[in-house]
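Trainee: Sequence and predicted structure, then a few things I'm wondering about:
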Amino acid sequence: MTNKKEIISGIIIIGNEILSGRTQDTNTSTISKWLNSLGIKVQEVRVIPDIEKIIVDTVNELRKKYDYVFTTGGIGPTHDDITASSISKAFNLTYGPHKEAMSLLEKYYKPGEFNEGRQKMAWMPTNANLIYNPTSGAPGFNVENVFCLPGVPSILKSMLGDISHKLVGGEPILSQTINLRTVESEIAKSLSMVQNNNKDVDIGSYPFFRAGKLGVAIVLRSSIQSQIDKCNLEIIKFVKEKNIEIVEKD
């Protein structure tokens, strides 16, 4: 079987409210899981403030490094929503009312409700492609390999379906988790040996605390199911030898 080229991406979470801790970021997890199912690997996530220069510089850096870049936040109607104008600057494009977006939102709101604040949601790079929003009307947009999505998790989630057909993925990335009642130091050496034998599988170990007891979740990730299965057998073998308890999922 010929290996497809690895497709890699970056995520930029934009918003002072994330950095201040007022709002919890769940969008990284949502986007990453969705991209994995398309065979696109997330290589990097940045969380940055609503500052134009930082947005421009970060977008320009990441769009050169990755096949795809996804931004979340800062495309609403308020004064500090500056992502759309910053993306225009990053690409040296005209920022203004997008004809199709204006038309969409005009139809979405009742007569007289499409006020100046709401019209701001149709301002973006004027030649951008729209990402349709089935939840609240206001579209996201994409320019070249950069896709700009809102920060509200439920709205963002509803918009991903409109992007899937625009992306070229690799083999879908599969995963399997083994939960163990142990500590990382007890399995580190054995796990390293398994990793050395299985270069096609990413093996991660993540401590957890459940029902008052410590444990470790071992996550196996690969585009090849047979490699995950082989890896899983090798881990189960040393787990049994060490008499480590396997914890069933909740």
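Mentor: Ah, there it is.

Trainee: going forward, measure contacts and count neighbours with C-alpha atoms only.
Mentor: Noted.

Trainee: Can you list the low-confidence ranges for the protein?
Mentor: Applying pLDDT under 70 to the chain flags the ranges 1-4, 249-250.

Trainee: where's the residue positioned nearest the centre of it relative to residue 152, distance?
Mentor: In the chain, the centroid-proximal residue (C-alpha atoms, centre = their mean) is residue 31; its distance is 2.9 Å. According to C-alpha to C-alpha, to the nearest Å, residue 31 stands 13 Å off from residue 152.

Trainee: cool, residue 228 as well?
Mentor: According to C-alpha to C-alpha, residue 228 and residue 152 sit 35 Å apart.

Trainee: which of the two has more neighbours?
Mentor: Neighbours per residue, other C-alpha atoms under 10 Å: of residue 228 and residue 152, the larger number sits with residue 228, 22 against 14.

Trainee: Distance of that one relative to residue 206?
Mentor: Here the criterion is C-alpha to C-alpha. By it, residue 228 lies 18 Å from residue 206.

Trainee: how's the chain carved up into domains?
Mentor: Using automatic domain parsing, the domain parsing of the chain gives 7-164, 174-246.

Trainee: Show me what stretch 205-223 is in contact with.
Mentor: 39, 171-184, 200-204, 228, 231-232 (C-alpha atoms under 8 Å, 6 or more residues apart in numbering).

Trainee: brain fart, stretch 16-30
Mentor: For stretch 16-30, using C-alpha under 8 Å, 6+ apart, the contacting residues are 11, 13, 45, 47, 48, 49, 50, 72, 151, 153, 156, 157.

Trainee: Residues contacting stretch 68-82, please?
Mentor: 8-15, 27, 50-52, 59, 62-63, 83-84, 117-121, 140, 145-152.

Trainee: Whichever of those end up buried, select them in PyMOL.
Mentor: Selection of buried members from the contacts of stretch 68-82 for PyMOL, criterion 16 or more other C-alpha atoms under 10 Å:
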select buried, resi 8+9+10+11+12+13+14+15+27+50+51+52+59+62+63+83+84+118+119+120+121+140+146+147+148+149+150+151
